[in-house]
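**Student:** Here is a sequence together with a model predicted from it:
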Amino acid sequence: MADTTSMTTNPNTHPNPHPAATTGTTGSAAGGPIPTVIADRVDIVYRVNGTGAGRGSATAALNRMLRRKQTEKASGVRKVHAVRNVSFTAYRGEAIGLIGTNGSGKSTLLKAVAGLLPVENGRIYTDGQPSLLGVNAALMNDLTGERNVYLGGLAMGMSREQIKERYQDIVDFSGINEKGDFITLPMRTYSSGMAARLRFSIAAAKDHDVLLIDEALATGDRSFQKRSEARIRELRKHAGTVFLVSHSNKSIRDTCDRVLWLERGELRMDGPTDEVLKEYETFTGGPDKPKPKPKAKPKPKPTPDSAPAQSQAPDSTSGRTTASP
Ligand SMILES: Nc1ncnc2c1ncn2[C@@H]1O[C@H](COP(=O)(O)OP(=O)(O)OP(=O)(O)O)[C@@H](O)[C@H]1O
């Protein structure tokens, strides 16, 4: 089984295996664009235990251990082939959107680039340290926002001094304290949007070689999304590479100049944002416009005949659930 591999400093050691796959603006040094991530015919397969009879029970687990020599299927292991034969090269200074319908393999691919999942076949070469910022990034819910800023900062390799220096900026960027002193409350008291904002703010406090963002922008409100998009553009300027997984075509359009479209684990398209989104929107049945508000139905004019019928109709409050105090 192959695994994520660090690139050597000499790019010639691992020449770009698929130069034609790359488009868009690329950060470049005197010698040309500098590759930061190369995925070379990557397959990623999950193995799910306990799909046979007696699933989940201790006896089933014991049986599986004893019947090691049996085929995976017979011992109740099922394979999910999440990413199939995917190749691309990302360069410094690029912001790359990862799109695809649910279950198409976006998060899986991102985790593999971060080195958190092994690949079944192929190789992933990365230059520098990739950092995955997911909505489920591992901060501790029982700790205050403040403690989590330190925890997250330390986890990203920042020193205490650096975190202390940037602490106020992180809190201000997150907007957590806009509605009160929430930063001193445990994170479990935050709404999902607030928690995602704090995670993004912590991750964005550092300049990353390769920053992998999984849907974090979707949870913030519009003004936070704008700040985040501006920060992503800044990160790119500092010669990093940003990958953004999102179901919001608008976020992708505003932030990325190149898009990888995955479908059923396969790389369906790799190209400039507009081109790929155009095809994707045709595939999914149109751009992701905000849903129009349902128009209020014009009330029928009361007539003497209809009046009794109207009084029979359910009133507007029927079906509503009222929260008990
Ligand atoms: N831990 C896991 N164990 C087994 N299968 C998994 C696991 N995580 C994901 N999968 C499967 O891998 C495939 C790709 O999932 P993945 O989460 O990467 O898709 P995605 O494109 O990020 O989806 P979404 O847009 O819904 O977040 C799916 O078929 C999913 O069921």
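**Tutor:** Received the coordinates, thanks.

**Student:** can you count the residues close to Asp142?
**Tutor:** Using other Cβ atoms under 10 Å, Asp142 has 9 other residues around it. Using the backbone N, CA and C atoms, a C-beta is placed for each residue, glycine as well.

**Student:** now the end-to-end length of stretch 131-140.
**Tutor:** 18 Å (Cα to Cα, to the nearest Å).

**Student:** just checking, Gly76 touches Asn49?
**Tutor:** Yes. Contact status for Gly76 versus Asn49: in contact at 6.6 Å, counting by Cβ atoms under 8 Å.

**Student:** Looking at the two, which one has more neighbours?
**Tutor:** Here Gly76 and Asn49 are set side by side on neighbour count (other Cβ under 10 Å), and the busier one is Gly76, at 20 against 15.

**Student:** Could you report the distance from Tyr190 to the ligand?
**Tutor:** As for Tyr190, its distance to the ligand is 22 Å (criterion: Cβ to the nearest ligand atom, to the nearest Å).

**Student:** okay but that residue is in contact with Ile183, surely?
**Tutor:** No. Tyr190 lies out of contact with Ile183 (Cβ under 8 Å); the separation is 9.8 Å.

**Student:** any shared contact partners between these two?
**Tutor:** With contacts taken as Cβ atoms under 8 Å, 6 or more residues apart in numbering, Tyr190 and Ile183 have 145, 176 as neighbours in common.

**Student:** For the stretch 51-200 of the chain, which segments are assigned as helices?
**Tutor:** For the stretch 51-200 of the chain, the helices defined by DSSP state H, counting those that start in this stretch cover 58-66, 106-113, 145-155, 160-174, 192-204.

**Student:** Please could you give me each C-alpha atom of the fourth one, formatted as PDB?
**Tutor:** Right, the one you point to is helix 160-174. Once side chains and other backbone atoms are set aside, the C-alpha atoms of helix 160-174 remain, and they are given as PDB (Å, rounded to 0.1, in the frame of the first residue of the first chain):
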ATOM      1  CA  ARG A 160       2.900  30.100  22.500                       C
ATOM      2  CA  GLU A 161       4.400  33.500  21.800                       C
ATOM      3  CA  GLN A 162       3.200  33.600  18.200                       C
ATOM      4  CA  ILE A 163      -0.300  32.600  19.400                       C
ATOM      5  CA  LYS A 164      -0.300  35.200  22.100                       C
ATOM      6  CA  GLU A 165       0.700  37.800  19.500                       C
ATOM      7  CA  ARG A 166      -2.100  36.800  17.100                       C
ATOM      8  CA  TYR A 167      -4.700  35.900  19.700                       C
ATOM      9  CA  GLN A 168      -6.700  39.100  19.400                       C
ATOM     10  CA  ASP A 169      -6.600  39.000  15.600                       C
ATOM     11  CA  ILE A 170      -7.900  35.500  15.600                       C
ATOM     12  CA  VAL A 171     -10.800  36.400  17.900                       C
ATOM     13  CA  ASP A 172     -11.600  39.500  15.900                       C
ATOM     14  CA  PHE A 173     -11.500  37.700  12.600                       C
ATOM     15  CA  SER A 174     -13.800  35.000  14.000                       C
END
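
**Student:** what angle separates that helix from helix 192-204?
**Tutor:** For helix 160-174 and helix 192-204, the angle between their directions (axes from the mean of the first three to the mean of the last three Cα atoms, to 10 degrees) works out to 140 degrees.

**Student:** Buried residues in helix 160-174, which are they?
**Tutor:** Within helix 160-174, the residues that count as buried by 16 or more other Cβ atoms under 10 Å are 163, 166-167, 170-171, 173-174.

**Student:** Then the last one?
**Tutor:** Within helix 192-204, the residues scored as buried using 16+ other Cβ under 10 Å are 194-204.
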